[in-house]
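Novice: how does the following fold in three dimensions:
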Amino acid sequence: MKNKGEILAGILAEFKDCYFFLHNTRDFRTVEKIMNEGFIFESQLSHSTDQINPDEPIEITYFLFQRKDYGPYTVIIAIPKIIYEIYSEVSNNNDIEIEEVITSSEPYFGENDELIYQISPKHVLGYFNSGSEEFMQNINWDQTFNNCQGRTVKRPARPDRYQ
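Specialist: So this is what the prediction gives:
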């Protein structure tokens, strides 16, 4: 009998040409909102997600165990490797963080003076329900989506709060 990490690894193996980032939540409404509107995060993607490798089921099992207190719904962000390499190149060429390239809307400074970014729902593959061990693919996910097409990437100005 397979454990939840092995089940999810098997599902993700079908999308093996992607980099995967997982985020757990308790509320199904939050899952639906992320799948329809995108994933909002502060500062760095690695602060809100865990990057995993589908070839390492034990790693996914560990992630699911460590994050179970955050909720049974695991949102899966899947960015095709070829697209991620484009994002990395744009990041390097413009001397900006990759989050500034990945964001689908203009980043802004949040209450903690940290930049807030949003990943397009076209990079949200779907979610895994740990309770039922079912995967639901997001109809908005697009493996050909390139966030750099048709937009200029620039670093936002820091707000002046002391005037």
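Novice: need the three-state assignment for residue 35.
Specialist: Following DSSP: H, G, I helix; E, B strand; the rest coil, the label given to residue 35 is helix.
Novice: isn't it up against residue 125?
Specialist: No - if you go by Cβ atoms under 8 Å, residue 35 and residue 125 don't touch, sitting 9.2 Å apart. C-beta: built from backbone N, CA, C; applies to glycine.
Novice: give me the more crowded residue out of the two.
Specialist: Taking other Cβ atoms under 10 Å, residue 35 and residue 125 do not tie; residue 125 has more neighbours (25 against 22).
Novice: next, count neighbours for the residue nearest to residue 44 when sequence neighbours are not counted.
Specialist: Leaving aside its chain neighbours, residue 44 sits nearest to residue 99 (6.1 Å; criterion: Cβ to Cβ, 6 or more residues apart in numbering). Residue 99: 22 surrounding residues under other Cβ under 10 Å.
Novice: quick one: the helix or strand harbouring residue 99 to chain centroid distance?
Specialist: Using DSSP states H and E, residue 99 sits in helix 98-102. Remark: helix 98-102 is offset 12 Å from the chain centroid, using Cα atoms, centre = their mean, to the nearest Å.
Novice: strand partners (parallel or antiparallel) of the helix or strand just after it?
Specialist: Downstream of helix 98-102, the next assigned helix or strand under DSSP H and E is strand 108-109. If you go by DSSP bridges, strand 108-109 pairs up with strand 115-119 (antiparallel).
Novice: which element is encountered next along the chain beyond the strand it pairs with?
Specialist: Going down the chain from strand 115-119, the next helix or strand is strand 124-129, by DSSP H and E.
Novice: partners of that next one in the sheet?
Specialist: Using DSSP bridges, strand 124-129 pairs in its sheet with strand 73-80 (antiparallel), strand 134-137 (antiparallel).
Novice: just the mean pLDDT for the helix holding residue 99, thanks.
Specialist: The average pLDDT within helix 98-102 is 92.
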